[in-house]
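Chemist: Any chance you can model this:
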Amino acid sequence: EVLTLLVLMYPLLWGLALQLHSAVTGRYIPGTHSIAFVSCLNEQIARDIARAIMDKRLAAYVNILPKSSALYFWKGELEESTEILLLVKTRTSKIGELSNYVRSIHPFEMPEIISLPIDQGNPVYLKWIEENVPRD
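Modeler: Numbers count the residues shown, from 1 in each chain. Here you go, the predicted structure:
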C-alpha cells in the first residue's frame, strides 16, 4: 500500500521538489515548460483551436504561424498540402491534458500534436508562463 501511494504521489512530489528548488535557487529547471506544435488545415481552424486552448487556460501564449507547405506520408501515399502551425507555450505538466483536449476538438483524424521541453530562456518570460497557466 505504501509503495502504491508513493507511485501515485510521485508526480505531485516531483512537482513540489522542482518548485522548491526553483524558489530556493532562483534558477529555472530545464523542461518545466514546453512548446507544443499543432498543425491545422486553415487559419480559421487554427484560430478556433488557439482560442479554445486559451479559454481552457492550457497555455500562456499561442503563436499562429502563416501558411506553410507540408510533405508527408498518409495511408502509404506521399501527400502535399498547406498548413497553419500553432506554437503553444505551456507548462510541461499540461501537455497530456492539452493533447487530449486538442484531439477532442481537432477535425483531423490524427492531428499532429508534439512537444519539446524548453531548456532555457528569458527567466522573466518563463515565470510569466508559469503565472498564466494554472498548476494541475
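
Chemist: Does residue 46 lie in a helix or a strand, and which?
Modeler: helix 43-55 (DSSP states H and E).

Chemist: The chain - how does it break down into domains?
Modeler: 1-28, 31-132 (the TED database).

Chemist: Return the member of these having the minimum mean pLDDT.
Modeler: Lowest mean pLDDT within the domains of the chain: domain 1-28, at a mean of 63.

Chemist: Not counting its own residues, what contacts stretch 40-49?
Modeler: When contacts are defined by Cβ atoms under 8 Å, 6 or more residues apart in numbering, stretch 40-49 is touched by residues 38, 64, 67, 83-86, 102, 105-108. For the C-beta atoms, the positions are set from N, CA and C on the backbone; glycine is no exception.

Chemist: Out of these, the closest to residue 75 would be?
Modeler: Using Cβ to Cβ, residue 108 comes nearest to residue 75 of those, at 13.3 Å.

Chemist: For residue 127, see how far away the nearest residue to the closest one once chain neighbours are set aside is.
Modeler: Nearest non-adjacent residue to residue 108, counting by Cβ to Cβ, 6 or more residues apart in numbering: residue 41, 7.1 Å away. Distance of residue 41 to residue 127, given as Cβ to Cβ, to the nearest Å: 34 Å.

Chemist: Can you list which of the contacts of stretch 40-49 are found in strands?
Modeler: 38, 64, 67, 83-86 (DSSP state E).
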